[in-house]
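Trainee: only geometry, no sequence info:
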């Protein structure tokens, strides 16, 4: 194998590893959003009832969310805005959809790199 081919293989392998790490990170973020959405559903179903909310490691606070109460959402740069639970769920859904789209793009790129690697090895 000539040095050019080896260099190309190393480059493709590095790209493959980078995209694989991004793919795993996106899958983790999607899982977290799915879990968060489920937690929002629980909160929504328990409006007006007392529940425990974790506020730190092994620390819980009893809270009661009223019917019209809004959640504070961090929108970056230290800014918080009030949003109803259904609005937060919509944001979560949009974020999940964007991540799913990005996951498809990365999967396609991984497929392309795999094909290129197979052509070089054969």
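Mentor: Perfect, thanks for sending it. Small disclaimer: the values here were computed from a predicted structure and weren't measured.

Trainee: poorly predicted segments of this structure, please.
Mentor: Within the chain, the set of residues satisfying pLDDT under 70 comprises 1.

Trainee: ok, the residue most central in space within it - contacts?
Mentor: With distances taken as C-alpha atoms, centre = their mean, residue 29 lies nearest the centre of the chain, 2.1 Å away. Residue 29 makes contact with residue 99, according to C-beta atoms under 8 Å, 6 or more residues apart in numbering. The way it works is simple: take the backbone N, C-alpha and C, and place the C-beta from them, glycine included.

Trainee: so where does it fall, helix or strand?
Mentor: Using DSSP states H and E, residue 29 sits in helix 3-45.

Trainee: centre of the chain to that helix, how far?
Mentor: Here helix 3-45 is found 8 Å from its chain centre; the criterion is C-alpha atoms, centre = their mean, to the nearest Å.

Trainee: roughly how far does residue 121 sit from residue 17?
Mentor: According to C-beta to C-beta, to the nearest Å, residue 121 and residue 17 sit 17 Å apart.
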